[in-house]
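Engineer: just need the structure, nothing else, for what follows:
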Amino acid sequence: MTDLSLKYPIVLIHGTSARDNSLFWGRIPKTFRDNNILFYYGKTDGWANVSNNAQMLKANLLRLVETTGAEKFNLIAHSKGGIDARHFI
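Structural biologist: Okay, here's the model as predicted:
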């Protein structure tokens, strides 16, 4: 096991019809955990529209700011999750 420190925590944002805890992300969450990489899920809705998901992402990131103290995050998004994230930004 390696300890990889990142300056900012990672937030994974899935695309359409996926869920945070689904097998959608494959080995990525396990690899992050095995290497002590701090990450969170975006907690968006796989079937919601872009505007709603952007608002959900904003609310979830603000909660993460409060709970973690992080001021910035590395967003990793797939497919429509990227559009949701861009709309949020």
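
Engineer: ok, then the element right after the helix or strand of the chain with the lowest mean pLDDT?
Structural biologist: Ranked by mean pLDDT, DSSP states H and E, the weakest helix or strand in the chain is helix 28-34, scoring a mean of 93. Moving toward the C-terminus from helix 28-34, the first helix or strand encountered (DSSP states H and E) is strand 39-41.

Engineer: on that earlier part again, which parts of the least confident helix or strand of the chain are buried?
Structural biologist: Pro29, Phe32 (16 or more other Cβ atoms under 10 Å). Placement of C-beta: from N, CA and C, glycine included.

Engineer: next: stretch 73-89.
Structural biologist: Buried, per 16+ other Cβ under 10 Å, within stretch 73-89: Phe73, Leu75, Ile76, Ala77, Lys80, Gly81, Ile83, Asp84, Ala85, His87, Phe88.

Engineer: now, the most widely separated pair of those?
Structural biologist: Spatially, the most separated pair among these is Phe73 and Lys80, at 18.8 Å (Cβ to Cβ).

Engineer: element containing Trp47, please.
Structural biologist: Judged by DSSP H and E, Trp47 forms part of no helix or strand.

Engineer: distance of it relative to Ser17?
Structural biologist: 7 Å (Cβ to Cβ, to the nearest Å).

Engineer: so what's Ala48 up against?
Structural biologist: Met56 (Cβ atoms under 8 Å, 6 or more residues apart in numbering).

Engineer: repeat for the one 5 residues further on
Structural biologist: In this structure, Asn53 makes contact with Thr44, Asp45, Lys80, Gly81, Asp84, His87, Phe88, judged by Cβ under 8 Å, 6+ apart.

Engineer: helix or strand for it, which one?
Structural biologist: helix 50-68.
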